[in-house]
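[1] Turn this into a structure:
(one chain, ligands or ions: 2)
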Amino acid sequence: MIVLKLGGSVVTEKDRPETLDGEALGRAADAIAAAIDGGLEDLVVVHGGGSFGHHNASEHGVSTTEGTRDATAVLDIHGAMKTLNQFVLGRLLERDVQALPVHPFSAAARDDEGELDLPTRQIETMLAEGFVPVLHGDVIAHAGAGATVVSGDELVADLARTLEADRVGLCSTVPGVLDEEDAVIDRIDEFDAVAAVLGASDATDVTGGMAGKVRTLLALEAEAAIFGLEALEPFLEGENPGTTID
Ligand SMILES: Nc1ncnc2c1ncn2[C@@H]1O[C@H](COP(=O)(O)OP(=O)(O)OP(=O)(O)O)[C@@H](O)[C@H]1O
Ligand SMILES: C=C(C)CCOP(=O)(O)O
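    Ligands and ions are numbered 1, 2, ... in the order given. Okay, here's the model as predicted:
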């Protein structure tokens, strides 16, 4: 079982609001379709926001910790993510990948400590029936805060735990986590060792960019890989490209 995140920075043009990178999304969908044709059975896809969702959340002052009680704002953020989800599903379905949406907004919530609760019965049933569930970063109800953002990275880490994933991959716009000379760091097992090179995202991002990603993945017991689009196919075939976080 593989849990794969398609980074919003890959499948969209992250610095241009609500702009898809159709070419990159097509390449990602090709790699997924090829892996399934090659025998991959259990795959859960999660996609991030990129230029969908982050801009809306930022305009409404909403992040993973700052919430809103304005339903119109919640629906604006959720609506942007659903639009991107439709594009992702469309590209997968065109390639005969049996992809179905799972919208975290309708299923997940946070408690008053910000702890995520994401029920997975629906996802497990979809997998058992041969579908590819496609989740996305979203906005969700948050006890004591209204509604806050949940990043695709957080969903990936949570799903990896509850579904006992064998492999976890994050496909982003960079070939891995880069050091001060822009070389890919092979392995990260401690935040402080790399904190100095970890930044936010270059574009509008309410979930913490690379620093947030590394922090979330370090908290996960299983190993996870961060790699670029060119390495998606090798990752799905069993290789460990990019940076391994353990
Ligand atoms: N040391 C680093 N190595 C690599 N990228 C870094 C580093 N520090 C900061 N970054 C930034 O992190 C970005 C990747 O994080 P980002 O959260 O944008 O990725 P994503 O998950 O693909 O997108 P999204 O969050 O929209 O789903 C890179 O584009 C880069 O701007
Ligand atoms: C901004 C929203 C709504 C989701 C962000 O998910 P991410 O791009 O995985 O951080």
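[2] Distance-wise, check residue 102 relative to residue 12.
    Per CB to CB, to the nearest Å, residue 102 is found 20 Å from residue 12. From N, CA and C alone the C-beta is placed, and that goes for glycine too.
[3] Pick out whichever of those two has more residues nearby.
    residue 12 (30 against 23; other CB atoms under 10 Å).
[4] What is the neighbour count of the closest residue to that one other than its chain neighbours?
    Spatial nearest neighbour of residue 12, excluding adjacent residues (CB to CB, 6 or more residues apart in numbering): residue 50 at 3.1 Å. For residue 50, the count of nearby residues is 33 (other CB under 10 Å).
[5] again with residue 226
    Quick note: residue 226 (other CB under 10 Å) scores 29 neighbours.
[6] Surely it touches residue 213?
    Yes - with contact defined as CB atoms under 8 Å, residue 226 counts as touching residue 213 (6.8 Å).
[7] what is in contact with these two at once?
    The overlap between the contact sets of residue 226 and residue 213 (CB atoms under 8 Å, 6 or more residues apart in numbering) consists of 170, 172.
[8] Name the secondary structure element that contains the spatially most distant residue from the centre of the chain.
    Using CA atoms, centre = their mean, the residue of the chain lying farthest from its centre is residue 181. It sits 26.4 Å away. Of the helices and strands defined by DSSP states H and E, none includes residue 181.
[9] so what's it up against?
    Neighbours of residue 181 in contact, by CB under 8 Å, 6+ apart: none.
[10] can you check residue 68 too?
    60-62, 74, 146-147.
[11] what are the bridge partners for it, then?
    With DSSP bridges as the criterion, residue 68 is bridged to residue 147.
[12] on that earlier part again, would you mind giving the contacts of residue 68 as TSV with neighbour count, pLDDT and distance to ligand 1 added?
    TSV is the format used below for these (neighbours: other CB atoms under 10 Å; pLDDT from 0 to 100; distance: CB to the nearest ligand atom, whole Å):
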residue	neighbour count	pLDDT	distance to ligand 1
60	21	98	17
61	12	98	18
62	26	98	15
74	24	98	19
146	17	98	22
147	25	98	19
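[13] Closest to the centroid, which residue in this protein?
    residue 152 (3.1 Å).
[14] Brilliant, that's me finished.
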